[in-house]
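Undergrad: need coordinates for the below:
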Amino acid sequence: MELERAIQSFLNDAVARDLSPKTYHRYQSDLTDLARFFQQRSVATLEQVTADLLRAYFADLQARTNSRRPDQKLSPFTIEGMYRSIKTFFRWCEWEEYLPANPMRRVRRNKLPSRMVPRLSEEQIMALLREVEKTVSPERNLALILLMVDSGLRRGEVLGLKLEDVHLDERRIRVFGKGRKERNVPLGDGSVRALEEYLVIRSSAFSDRVFLSDEGTPFKPAGLKSLLDRLQAKLGLQKLYPHLLRHTFAEMYLKRVRDVKSLQQILGHTKASTTLDLYVEHDFAELLRMHKLGSPVDGMKKASLG
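TA: Predicted structure coming up:
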């Protein structure tokens, strides 16, 4: 079967399964890149694809430079995302019986480097909220930022929020996360108050989205990025982006509650292991305090003196 035809069938299936536009475009981009690589090597059909050719493709990715930063190689996390897309495609081809065997089964992924998940300190969060109050649309911006800081919402979840999803009397909002999975997210007093104040002055536009631009249209990712970029510059922060606020919420929540299961539910993680791997990691001060309590040598010394 022709490779390009198989890719198009896979993408059609993604539409039929109502996958999110973000997922669809990721598959499309990654598989187009793969097809281009194979075309340069006169590989036009699925049957011609071997594990060795796929390994050559991933070796090529390792050698590529970042299009946005020519002085840097492609991030291993970018390559990992492409690996997942291609693995999904060939697994689908096998399931559809387009292939007798899946060549990706013998292509191993690279080990990802471990990295610290970045967070903001409580002092930085307080400074951020004070700065938000000085912006041009403070009611909207404060409600929006608080939802990300106080409930860990993703960018798409907070911008996609509709009026019918907000239930302030029940202190909850309904959000649709990855895979359009629905969940209820609890609200704190500060978030409820900020939303109440914003909804009072929100323009009565035709849009049912909660967060609107100054023109009355749905607030877009570019608008949020522009807002965060300005706040970052004002505060002198190294980075400020939606997922950083989500990471910060998770760390601060665990410090206060220490319940991974409830955090998993609020964040909308399908697997508890995702929550554990990302967020159950103590900062050094906390690690030092816990080690002081659990130090075997210090414990033995105290026992001998006692």
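Undergrad: hmm, who's touching the helix or strand harbouring residue 54?
TA: Taking DSSP states H and E as the criterion, residue 54 maps to helix 51-63. If you take Cβ atoms under 8 Å, 6 or more residues apart in numbering as the criterion, helix 51-63 is touched by 34, 37-38, 41, 43, 73-74, 79, 82-83, 86, 103-107, 110. Where C-beta positions appear, they are placed from N, C-alpha and C, glycine not excepted.
Undergrad: and the very next helix or strand once past it, C-alpha only, in CSV?
TA: Later in the chain than helix 51-63, the nearest helix or strand by DSSP H and E is helix 76-95. Listed next in CSV are the C-alpha coordinates belonging to helix 76-95 (Å, rounded to 0.1, in the frame of the first residue of the first chain):
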residue,chain,number,x,y,z
PRO,A,76,15.0,14.9,22.9
PHE,A,77,11.5,15.7,24.0
THR,A,78,10.5,16.8,20.5
ILE,A,79,12.0,13.6,19.1
GLU,A,80,10.1,11.6,21.7
GLY,A,81,6.8,13.2,20.6
MET,A,82,7.5,12.3,17.0
TYR,A,83,8.4,8.7,18.0
ARG,A,84,5.0,8.4,19.7
SER,A,85,3.2,9.7,16.6
ILE,A,86,5.0,7.3,14.3
LYS,A,87,4.5,4.3,16.7
THR,A,88,0.8,5.1,16.9
PHE,A,89,0.6,5.2,13.0
PHE,A,90,2.3,1.9,12.5
ARG,A,91,0.3,0.2,15.2
TRP,A,92,-2.8,1.4,13.5
CYS,A,93,-1.6,0.1,10.1
GLU,A,94,-1.0,-3.3,11.7
TRP,A,95,-4.5,-3.3,13.3
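Undergrad: report the buried residues of helix 76-95.
TA: Using 16 or more other Cβ atoms under 10 Å as the test for burial, helix 76-95 gives 76, 79, 82-83, 85-90, 92-94.
Undergrad: on that earlier part again, so how do I select the buried members of the contacts of helix 51-63 in PyMOL?
TA: Command for PyMOL, covering only those of the contacts of helix 51-63 found buried under the criterion 16+ other Cβ under 10 Å:
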select buried, resi 34+37+38+43+74+79+82+83+86+103+104+107
